[in-house]
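Chemist: just a sequence and a predicted model for now, questions to come.
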Amino acid sequence: MADRALVDLRSDTVTRPTPAMREAMAAAEVGDDVYGEDPTINALQAEVAALFGHEAALFAPTGSMANQIAIQLVVPPAEELLCDADAHVVTYEIGAAAAIGGVSSRTWPPRGADLDPDEVAALIRPDGYMAVPTRAIAVEQTHNRGGGGVIPLATLQRLREVADSAGVALHCDGARIWHAHVADQVPLATYGRLFDTMSVCLSKGLGAPVGSLVLGSTEKIDKARWIRKRMGGGMRQAGVLAAAGQHALRHHITRLADDHARAARLAAALAPFGVVDADSVRTNIVPLDLTKAPVDALALGSAAKAQGVLVSVMGPRIVRLVTHLDVDDAGIDRAIDVLTAILR
């Protein structure tokens with residue numbers, strides 16, 4: 001079966017550049033970014049920094065690298081990062097904080113977007129007493145393993161107060177913060193003001209083939225450039241990649257509402273089978289809990305794939321469906337037909 005015949009709901013990272021994006025990439029003006037001379041990268045960095053109200057930004061090849069650069073900016077080696085146990089930075093980045101940054105991490109129980117700032121405050125360790133001091137808190141917006149949940153603005157504002165009171169930094173893994181912006185209509189600059197460092201991704205949801213950015217103060221981003229080079233992330237004529245990101249920012253943010261609507265329709269169709277709470281699906285991720293279903297995750301994934309629908313198996317009884325730029329209404333209809341037949 002040809003790839004284009006598939007309905008690929010595994011992730012919003014599987015999208016292909018649109019024809020218009022490819023044209024923008026082909027026309028990009030380029031230079032050597034290690035020397036800071038790529039005009040398209042420089043323009044993208046300035047644009048994204050301005051969107052979030054930060055002084056500066058740095059383009060990185062991946063979201064994991066962007067997160068790990070940011071963590072090294074706010075947590076010295078042998079000191080502590082706090083985050084939830086399902087956070088991407090400690091779940092899907094292969095221990096990079098410890099292996100590369102020498103960072104110790106401690107977690108609170110996973111609650112997705114329903115985190116409790118007071119619970120986080122109680123975990124913060126001060127200097128002294130031979131304990132590992134807490135230097136930063138990380139949150140994920142939207143929350144991947146939390147079903148694409150959106151952390152409410154009031155919760156983030158309270159968490160900022162907690163961080164300020166304790167004298168620690170606050171980092172946002174904003175890989176899908178564009179979805180939170182569209183879902184809750186919170187201005188990007190409002191989010192930006194809450195965090196000392198951020199990472200934002202162009203290849204999740206927005207449809208760029210590659211790329212994330214680290215945001216922070218000018219001083220932090222100057223240091224981030226050195227960390228990026230140390231990690232092997234210095235690129236040369238990478239303006240062709242930045243041009244894809246520029247196109248994504250200008251054309252693919254508001255359309256995320258279409259992905260949200262399709263995810264809601266998918267969830268509503270599957271809710272009668274007891275595998276998802278349709279009311280909890282607010283962005284582009286539909287988590288399926290197959291605990292009471294007649295099939296486990298592997299069986300569902302295999303059966304769906306045989307009929308041209310790809311899903312992500314996240315555990316023995318957990319499946320994730322993600323809507324994106326390359327899945328239209330017809331694709332959702334087909335996915336509903338296939339998945340409901342398997343779940344009956």
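Modeler: Yes, it's here. Numbers count the residues shown, from 1 in each chain.

Chemist: how many residues are close by the closest residue to residue 139 other than its chain neighbours?
Modeler: Leaving aside its sequence neighbours, residue 139 sits nearest to residue 172 (C-beta to C-beta, 6 or more residues apart in numbering; 5.8 Å). Bear in mind the C-beta positions are built from the backbone N, C-alpha and C, glycine included. By other C-beta atoms under 10 Å, 27 other residues sit near residue 172.

Chemist: got it, and residue 52?
Modeler: Neighbours of residue 52 under the rule other C-beta under 10 Å: 24.

Chemist: which non-adjacent residue is nearest it?
Modeler: Residue 52 sits nearest to residue 192 (C-beta to C-beta, 6+ apart), 3.0 Å away.

Chemist: now swap in residue 5 and tell me
Modeler: Nearest non-adjacent residue to residue 5 (C-beta to C-beta, 6+ apart): residue 308, at 5.9 Å.

Chemist: and what of residue 157?
Modeler: The shortest distance from residue 157 to any non-neighbouring residue, by C-beta to C-beta, 6+ apart, is to residue 194 (6.7 Å).

Chemist: could you pull up the contacting residues of the one you found?
Modeler: Residue 194 makes contact with 156-157, 159-160, 170, 172 under the criterion C-beta atoms under 8 Å, 6 or more residues apart in numbering.

Chemist: what does residue 160 give?
Modeler: 170, 194.

Chemist: what ranges do the helices span in the stretch 201-344 of the chain?
Modeler: 218-230, 239-251, 256-270, 297-306, 329-343 (DSSP state H, counting those that start in this stretch).

Chemist: re the thing from before, just the pLDDT for the residue nearest to residue 5.
Modeler: Residue 308 carries a pLDDT value of 97.

Chemist: how many neighbours does it have?
Modeler: Residue 308 has 16 nearby residues by other C-beta under 10 Å.

Chemist: follow-up on the earlier one: of the helices of the stretch 201-344 of the chain, flag the one that's most buried.
Modeler: helix 239-251 (a mean of 23; mean count of other C-beta atoms under 10 Å).

Chemist: and it, what does it pack onto?
Modeler: helix 19-26, helix 39-52, strand 56-60 (3 or more C-beta pairs under 8 Å, 6 or more residues apart in numbering; DSSP states H and E).

Chemist: give me whichever of those is most buried.
Modeler: Across these, the average number of neighbours (mean count of other C-beta under 10 Å) peaks for strand 56-60, which reaches a mean of 26.

Chemist: state the mean pLDDT of the helix or strand following it.
Modeler: Of the helices and strands lying after strand 56-60 in sequence (DSSP states H and E), the nearest is helix 63-74. What helix 63-74 shows for mean pLDDT is 98.

Chemist: next one: stretch 251-262
Modeler: Mean per-residue pLDDT for stretch 251-262: 98.

Chemist: check stretch 48-60 too.
Modeler: In this model, stretch 48-60 has an average pLDDT of 98.

Chemist: what sits up against it?
Modeler: 33, 41, 44-46, 66, 69, 188-189, 191-193, 198-200, 211-218, 220-222, 224-225, 228, 233, 235, 238, 241-242, 245, 249.

Chemist: off-centre distance for that stretch?
Modeler: In terms of C-alpha atoms, centre = their mean, to the nearest Å, the centre of stretch 48-60 is found 16 Å from the chain centre.

Chemist: also stretch 162-172?
Modeler: Remark: stretch 162-172 is offset 21 Å from the chain centroid, using C-alpha atoms, centre = their mean.

Chemist: alpha carbons of that stretch, in CSV - could you do that?
Modeler: Once non-C-alpha atoms are left out, stretch 162-172 reads as follows in CSV (Å, rounded to 0.1, in the frame of the first residue of the first chain):
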residue,chain,number,x,y,z
VAL,A,162,6.2,29.4,43.4
ALA,A,163,9.4,29.6,41.3
ASP,A,164,10.0,33.3,42.2
SER,A,165,9.4,32.6,45.9
ALA,A,166,12.0,29.8,45.9
GLY,A,167,14.4,31.6,43.7
VAL,A,168,14.4,28.8,41.0
ALA,A,169,14.0,29.0,37.2
LEU,A,170,10.9,27.9,35.3
HIS,A,171,11.3,26.2,31.9
CYS,A,172,8.6,25.3,29.4
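
Chemist: what comes up buried for that stretch?
Modeler: 162-163, 166, 168-172 (16 or more other C-beta atoms under 10 Å).
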